[in-house]
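Asks: missing the sequence, but the structure's below:
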């Protein structure tokens with residue numbers, strides 16, 4: 001269960017970083 005939460009946190013972090021780098025796509 002812990003690794004699932006860790007994976008979700010990592011995915012959200014990557015998504016936010018990508019949104020900051022490419023704000024015109026969001």
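Replies: Perfect, thanks for sending it. All of these numbers come straight from a predicted model, not from anything done at the bench.
Asks: any idea how far stretch 2-16 is from the chain center?
Replies: Here stretch 2-16 is found 6 Å from its chain centre; the criterion is CA atoms, centre = their mean, to the nearest Å.
Asks: in which helix or strand would I find the spatially most central residue of the chain?
Replies: Ranked by distance to the mean C-alpha position of the chain (CA atoms, centre = their mean), the top residue is residue 12 at 2.4 Å. Per DSSP states H and E: residue 12 is located in helix 2-21.
Asks: which strands and helices sit next to that helix?
Replies: Other helices and strands packing on helix 2-21, by 3 or more CB pairs under 8 Å, 6 or more residues apart in numbering; DSSP states H and E, are absent; none qualifies. Glycine gets a C-beta too; all of them are placed from N, C-alpha and C.
Asks: looking at that helix now, give me its mean pLDDT.
Replies: Helix 2-21 shows a mean pLDDT of 96.
Asks: just to revisit the earlier point, which residues touch the residue nearest to the centre of the chain?
Replies: Shown in contact with residue 12 (CB atoms under 8 Å, 6 or more residues apart in numbering): no residues.
Asks: repeat that for residue 18.
Replies: Residue 18 neighbours (CB under 8 Å, 6+ apart): none.
Asks: what number of residues lie near residue 10?
Replies: Neighbourhood size, residue 10 [other CB atoms under 10 Å]: 10.
Asks: ok, it to residue 24 distance?
Replies: 24 Å (CB to CB, to the nearest Å).
Asks: and residue 3, how far is that from residue 15?
Replies: Where residue 15 is concerned, residue 3 sits at a distance of 18 Å (CB to CB).
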